[in-house]
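J.: with the sequence up front, the predicted model follows.
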There are 4 protein chains.
Amino acid sequence: MVIVMGPEATADDLASIVSVVQSAGVEAFVSKGVRRTIVGLVGDVTQLDAAALRGMGGVRDVMRVSTPYKLVSRENHPERSTIHVGGVPIGPGTVTLIAGPCAVETHEQTLEAARMAQAAGAALLRGGAFKPRTSPYAFQGLAEQGLRILADVREETGLPIVTEVVDARDVELVASYADMLQVGTRNMQNFALLQAVGAAGRPVMLKRGMNATIEEWLMAAEYIAQRGNLDIVLCERGIRTFETATRNTLDVSAVPVAQRLSHLPVIIDPSHSGGRRELVLPLTRAAVAVGADGVIIDVHPRPDQALCDGPQALVDADLGELAQVMTDFPALLGKSAAVAADGWVTA
Amino acid sequence: MVIVMGPEATADDLASIVSVVQSAGVEAFVSKGVRRTIVGLVGDVTQLDAAALRGMGGVRDVMRVSTPYKLVSRENHPERSTIHVGGVPIGPGTVTLIAGPCAVETHEQTLEAARMAQAAGAALLRGGAFKPRTSPYAFQGLAEQGLRILADVREETGLPIVTEVVDARDVELVASYADMLQVGTRNMQNFALLQAVGAAGRPVMLKRGMNATIEEWLMAAEYIAQRGNLDIVLCERGIRTFETATRNTLDVSAVPVAQRLSHLPVIIDPSHSGGRRELVLPLTRAAVAVGADGVIIDVHPRPDQALCDGPQALVDADLGELAQVMTDFPALLGKSAAVAADGWVTA
Amino acid sequence: MVIVMGPEATADDLASIVSVVQSAGVEAFVSKGVRRTIVGLVGDVTQLDAAALRGMGGVRDVMRVSTPYKLVSRENHPERSTIHVGGVPIGPGTVTLIAGPCAVETHEQTLEAARMAQAAGAALLRGGAFKPRTSPYAFQGLAEQGLRILADVREETGLPIVTEVVDARDVELVASYADMLQVGTRNMQNFALLQAVGAAGRPVMLKRGMNATIEEWLMAAEYIAQRGNLDIVLCERGIRTFETATRNTLDVSAVPVAQRLSHLPVIIDPSHSGGRRELVLPLTRAAVAVGADGVIIDVHPRPDQALCDGPQALVDADLGELAQVMTDFPALLGKSAAVAADGWVTA
Amino acid sequence: MVIVMGPEATADDLASIVSVVQSAGVEAFVSKGVRRTIVGLVGDVTQLDAAALRGMGGVRDVMRVSTPYKLVSRENHPERSTIHVGGVPIGPGTVTLIAGPCAVETHEQTLEAARMAQAAGAALLRGGAFKPRTSPYAFQGLAEQGLRILADVREETGLPIVTEVVDARDVELVASYADMLQVGTRNMQNFALLQAVGAAGRPVMLKRGMNATIEEWLMAAEYIAQRGNLDIVLCERGIRTFETATRNTLDVSAVPVAQRLSHLPVIIDPSHSGGRRELVLPLTRAAVAVGADGVIIDVHPRPDQALCDGPQALVDADLGELAQVMTDFPALLGKSAAVAADGWVTA
């Protein structure tokens, strides 16, 4: 059972709730988020009277949820959610194209990549300033300098930015620049980081761990939600299997499965799953066709000089076809490509 | 290196070839197929003069191939192949819908399922008479009685039939009824069966082993090809991973990867990979969008009474949407749904 | 529920049983094996009176079994079984060393390898005459000529032989030479082959499929048992995972798990799982320590010239250490290395 | 190439080195650790004169390493390392038993578990104060209160303590109590945490990610080493596969493989890999037999009341057999169970 408190709830309201719950022998997990406070109840809740709880001061909602993830479950939230990032929707009626360079290297490269993204119809710009790399000897990103470049390019292009954060200690810094925080596949179960982004007051894109089940992925989202942040977008990016012809195996089935279990939007990263340029467009078509709410794609003006993942970045010659896919395929599903809301000015 | 002999080649032609090859210290694998004889050369072929070999009596072609699979490789066969099954094409210009019941149970059920298949636009009928089941106590299929039902339903509907063979000793029997032989996922490396269907004079659908790499899948196809049968269609049907929300993980990336490596058509089975009805249509859309040359789908008039895999079979209510997918999605890729060639009369 | 008939049971006894069962609406699977006839009951058996059935003519035993595998389950057979192969036990009190060349190449090579096996304390000789190979261009074994070599070497050394059969059509032939039939990992779900070896009157070693769950492995054994052959030894040989440093990942946990679920002996193949010579001895120690009832190991007099899997074969220099392991480690578990029963003369 | 500076090296020594390296067009990664400074060189190092570098001020060693991990590679460090934790060795000549409760719950429970650990011959005490849990609603550990309990129990028993840290911000705190820091499987690629423990001046136990290749595991260790901390013990704890009968699949082969590639000690966690009490002793025997330098095992006085992973904890009745295993099996490999060095007083 989960109790959602309204913004008007006082400390006394909360104390009363906790007291009632504990006297029934049930444990109360209180999470004070930026926008709301949530009380998760764990234990035998059959003795609790949901109606009475709902009538107590400051209570907005009381939900019985049978799944281990509660706030992100679709069980008590049948309508699928739309998340807004700098005025751009990600949700059921649209397909959102997020594109940009894997890593921010220079201002020039980032701006060129952003222009490529726009040419293909992207509504959001991706780009990494903090790069989690398997090797300590590989390029680790430009850190805050990279964030500044992203902010400048946002200024020049109007594209809100999505960028990864890899350390709980950097969340505040990254959130001061980014429109959306990305949690990468290796950090899907970095619970300290999940809690930090849950408290950061920014939408979060949560990549699926490359060996995570869909249930574990939703439990990771629950960590963020429990801190009061429900602006979460799930991103499938390929799982690890025995197959070696592709970097990872894109699990397209995860999209309809996760959309049935959770109200959160689900997008696909066809660049990192395949790891090869020639697979990006076919996998993008499959992503839109299977019902993904968006795709996130690497583009680079000069992939042979890229400091990270060049072999999977789309180049200029691919943009026309990508734009075509983003026009034709959503239409067959009664959707349209997402664009920024009129009059929206990005941070 | 591979030497393909023409149908006019004599025993003496063959003996001469083998003698030349062996005198260069290279081993010759002679495979006499129904339509052609193939000589695979293994060893250090650098001393052999391809042009001289090409000039010898009965020789149709001499190919240097760097991949371990040679006859099915696209290296010397850049054009993608189209296979015909009872007049129905499976290949690059079309998307072929194969549908029917997982298992043949009765004449009535099979005929009803075939009518459902036709309503959705299917050009070929699937249906199992020999069922490989994990448990010896599960329904194993009607055997020859099932084949007779399939033949009767073909008569009534005009749909050519695709059916599985699980034992090399049954290949001749099944081939006497079927338009296309299916080799199932558990038999992908049953080399005796592969060689038997390679010699059967019928097109073969080769399902990917649920733990096979794409390279192993192509090697299995090579076993069939080496017996002189190149009428092979590859079928991706999901691989085994740690994820338990779906029966298997559909590997859509395998389609573009296999199509680049091999000239053979590649189709997808969205029913067996997901194992759940509500996933079939999304995965079918993804299959067509990623570029599959066809899909094979379970339909059943009364899935709750099905003797095999009822939970994944589409029902009447799904057929309209399936038909729509088969019309709309191929068109975006410049393809059309496959239909039987005019005037073709199935066996 | 499973009914085991005694050897004295008549056709009338069997017909009576089937009639009683069917009149209760339960399906009866009759399997006439070489040594006994088994009736598997599938359906709602709650209406059947086990005591009454036990009293009917020709009935040896009636078992209620909750697992999907019944004859190989430990549920009604708490004592672990010992299987005898040419007088050599494989079972709980002993650790049986099976060794020999991966493939039989020549009489000389096979005899040398058999002498190596004996030097290490092997009680059984392994050697393949039919080799299932991923590539149709790889050495496929000497077939019957290889079987004759094995029989000759058995004559010379006294070692009973274990050899693989890959085609149901060859079972009779192989059984006429071999003391134990091996079903390989790729054929674990080749149900036609399982049924054929189930009827062959020889002990069977059933390798685990490289992507098979333990339950599926036991179901495969059930296919053999259902034909009346319970002389089955399970062999764990590594499963397929994402790790590429070893050919497969040896699943040592499968030994205690399978031994709890089934009464059949379980052995380990450390050669094929690791695929590298330097791993064979450590994995052999782990195999014995975890409780395996035996190990099967590749040895070769000249591995650099081996036609199959040379890199994993032990050489002369390793035999002393292997012999030491087979002496020391079983003793710690209160077991001893298996030897042929006194006075036993192999076929 | 890697340059290891001595403790006597000055800032000027370091600047000279970097200058020489950069003028050859090679990138220098300087890592100032607690005990030593390391300069990793990335790029084309063929122009650099290793002998000249070795002669420069403050340089202790210059190593050419072909593997992507350099400091932990065995290539330039053929002797296997022994790490000391509170006077207890973990390394090639010994087998170290680490035991204790999965989670610290109360002082009484921790002390009882520590006494159990000692009864079985443990030289180190494990126990979690920070628990990374899949669900935000599960017990997350007692945090600093748990660390204090561990310190008290160390006082009472003399056992040095091993405990997990899950957040880079907590490393200093945990290091102020612990004798060894543990990085868990979900954090193996939490690079911020790896760098933090690399700088903490305490030995580190690095668990293998449940989907990490051995190479990725060694790269993660390199992140720690690069911060100047080479007191690293690798811990194999099972990988994720398709098998569901065990929680994870213990990869015993990883021990000899990692020991050949790296000079670091490698231990096994048989409790978390199997996830079932009855598997712990067989897997412990396998671990010692395959050559592991230690094992880490859950024990609990009342597992049915455990707040975390009770089903896998050993109980009193198992301790005698565990002690026996720790005596008998190391002896067969010429090793002995590790004990604290005489006269050592834990922190």
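T.: That came in fine, so what should we check first? Numbering: from 1, shown residues only, chains lettered A, B, ... in the order given.

J.: surely A:A254 is in contact with A:I214?
T.: Yes - judged on Cβ atoms under 8 Å, A:A254 makes contact with A:I214 at a distance of 5.7 Å. For the C-beta atoms, the positions are set from N, CA and C on the backbone; glycine is no exception.

J.: more neighbours: which of those two?
T.: Between A:A254 and A:I214, A:A254 has the larger neighbour count (other Cβ atoms under 10 Å in any protein chain shown), namely 27 against 22.

J.: so which bits of chain A are right by chain C?
T.: When proximity is defined by Cβ under 8 Å from any Cβ of the partner chain, chain A lies next to chain C at A:R240, A:T241, A:F242, A:T244.

J.: 7 Å instead?
T.: Neighbours of chain C within chain A, by Cβ under 7 Å from any Cβ of the partner chain: A:R240, A:T241, A:F242.

J.: got the contact list for the second one?
T.: Contacts here follow Cβ atoms under 7 Å, 6 or more residues apart in numbering or on different chains; on that basis A:T241 touches A:T249, B:I239, B:T241, C:F242.

J.: out of the residues you listed, which is nearest to B:E8?
T.: Nearest to B:E8 out of the contacts of A:T241 is B:I239 (Cβ to Cβ; 43.3 Å).

J.: if the closest one is in a bridge, with which residues?
T.: Beta-bridge partners for B:I239, by DSSP bridges, are B:T249.

J.: what about it, neighbour count?
T.: Neighbours of B:I239 under the rule other Cβ under 10 Å: 24.

J.: now for it: which residues touch it?
T.: Going by Cβ under 7 Å, 6+ apart, B:I239 touches A:T241, A:E243, B:M210, B:N211, B:N248, B:T249, B:D251.

J.: adding secondary structure and pLDDT, write the residues you listed out as TSV.
T.: Below are the contacts of B:I239 laid out as TSV (DSSP: H, G, I helix; E, B strand; the rest coil; pLDDT from 0 to 100):
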residue	secondary structure	pLDDT
A:T241	coil	96
A:E243	coil	95
B:M210	coil	96
B:N211	coil	94
B:N248	coil	96
B:T249	strand	97
B:D251	strand	98
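
J.: which of these sit farthest apart?
T.: Spatially, the most separated pair among the contacts of B:I239 is A:E243 and B:N248, at 12.6 Å (Cβ to Cβ).

J.: which strands and helices sit next to the strand or helix carrying A:A220?
T.: Element membership of A:A220, judged by DSSP states H and E, is helix A:214-225. Packing contacts for helix A:214-225, counted by 3 or more Cβ pairs under 7 Å, 6 or more residues apart in numbering or on different chains; DSSP states H and E, involve helix A:191-198, strand A:204-207, strand A:232-236, helix A:254-261.

J.: contacting residues for A:V42?
T.: Listed by Cβ under 7 Å, 6+ apart, the contact set of A:V42 reads A:E27, A:F29, D:Y137.

J.: gap between the closest residue in space to A:R36 that isn't next to it in sequence and chain B?
T.: Excluding its sequence neighbours, the residue lying closest to A:R36 (Cβ to Cβ, 6 or more residues apart in numbering or on different chains) is A:G228, at 5.0 Å. For A:G228, the distance to chain B (Cβ to the nearest Cβ, to the nearest Å) stands at 28 Å.

J.: ditto for A:L264
T.: Distance, A:L264 to chain B, by Cβ to the nearest Cβ: 16 Å.

J.: residues contacting that residue?
T.: Counted by Cβ under 7 Å, 6+ apart, A:L264 has contacts A:V72, A:S81, A:A221, A:I232, A:V233, A:L234.

J.: lowest-confidence helix or strand of chain A?
T.: The weakest-scoring helix or strand in chain A, judged by mean pLDDT, DSSP states H and E, is strand A:27-32 (a mean of 80).

J.: most surrounded residue in the contacts of A:V42?
T.: Neighbour-wise, the contacts of A:V42 (other Cβ under 10 Å) top out at D:Y137, 21 neighbours.

J.: element containing it?
T.: Counting by DSSP H and E, no helix or strand carries D:Y137.

J.: quick one: it and A:V39 touch, right?
T.: No - using Cβ atoms under 7 Å as the test, D:Y137 is too far from A:V39 to be in contact (11.1 Å).

J.: now do the shared contacts for these two.
T.: Here D:Y137 and A:V39 have A:F29 as joint contacts, going by Cβ under 7 Å, 6+ apart.

J.: so the helix holding A:A220 versus strand A:27-32, what angle?
T.: Angle, helix A:214-225 to strand A:27-32, by axes from the mean of the first three to the mean of the last three Cα atoms, to 10 degrees: 60 degrees.

J.: residues making contact with helix A:214-225?
T.: With Cβ under 7 Å, 6+ apart as the criterion, helix A:214-225 contacts A:68-72, A:188-189, A:191, A:194-195, A:197-198, A:204, A:206, A:208-209, A:232, A:234, A:254, A:257-258, A:261-262, A:264, B:243, B:245, D:134-136.

J.: and stretch A:82-93, what's buried?
T.: Residues of stretch A:82-93 classed as buried: A:I83, A:H84, A:V85, A:G86, A:G87, A:V88, A:P89, A:I90, A:G91 (neighbour count, 16 or more other Cβ atoms under 10 Å in any protein chain shown).

J.: same deal with stretch A:313-325?
T.: A:A313, A:L314, A:D318, A:L319, A:L322, A:A323, A:V325.

J.: what's the answer for stretch A:331-343, then?
T.: Buried residues in stretch A:331-343, counted by 16+ other Cβ under 10 Å: A:L332, A:L333, A:K335, A:A337, A:A338, A:A340.

J.: how about stretch A:190-208?
T.: With burial defined by 16+ other Cβ under 10 Å, the residues of stretch A:190-208 counted as buried are A:190-200, A:202-208.

J.: what do you get for stretch A:28-48?
T.: A:28-31, A:33, A:36-43, A:48.

J.: out of the residues you listed, who's nearest A:G100?
T.: The closest of those to A:G100 turns out to be A:G33 (Cβ to Cβ; 29.0 Å).

J.: can you report how many residues lie near A:G55?
T.: By other Cβ under 10 Å, the residues close to A:G55 number 10.

J.: now distance to chain B too, for the contacts of A:V42, in JSON lines please.
T.: Formatted as JSON lines, the contacts of A:V42 follow (distance: Cβ to the nearest Cβ, whole Å):
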{"residue": "A:E27", "distance to chain B": "29"}
{"residue": "A:F29", "distance to chain B": "26"}
{"residue": "D:Y137", "distance to chain B": "21"}
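
J.: and the one residue sitting closest to the centre of chain A, how far is that from A:V165?
T.: The centroid of chain A falls nearest to A:M205 when counting by Cα atoms, centre = their mean (1.5 Å). Using Cβ to Cβ, to the nearest Å, A:M205 is found at 11 Å from A:V165.

J.: centre of the chain versus the helix ranked longest in chain A, how much separation?
T.: Using DSSP state H to define each element, chain A has its longest helix at helix A:316-332. Distance of helix A:316-332 from the chain centroid (Cα atoms, centre = their mean, to the nearest Å) equals 23 Å.

J.: following that helix, which helix or strand comes up?
T.: Using DSSP H and E, the helix or strand that follows helix A:316-332 towards the C-terminus is strand A:336-337.

J.: distance from that next one to the middle of the chain?
T.: 19 Å.

J.: any residue of it up close to chain B?
T.: No - under the criterion of Cβ under 7 Å from any Cβ, strand A:336-337 makes no contact with chain B; the nearest approach is 14.9 Å.

J.: which residues sit against that strand?
T.: A:T94, A:V95, A:L97, A:G121, A:M326, A:T327, A:P330.

J.: again, only this time at 8 Å
T.: A:G93, A:T94, A:V95, A:T96, A:L97, A:G121, A:A123, A:M326, A:T327, A:P330 (Cβ atoms under 8 Å, 6 or more residues apart in numbering or on different chains).
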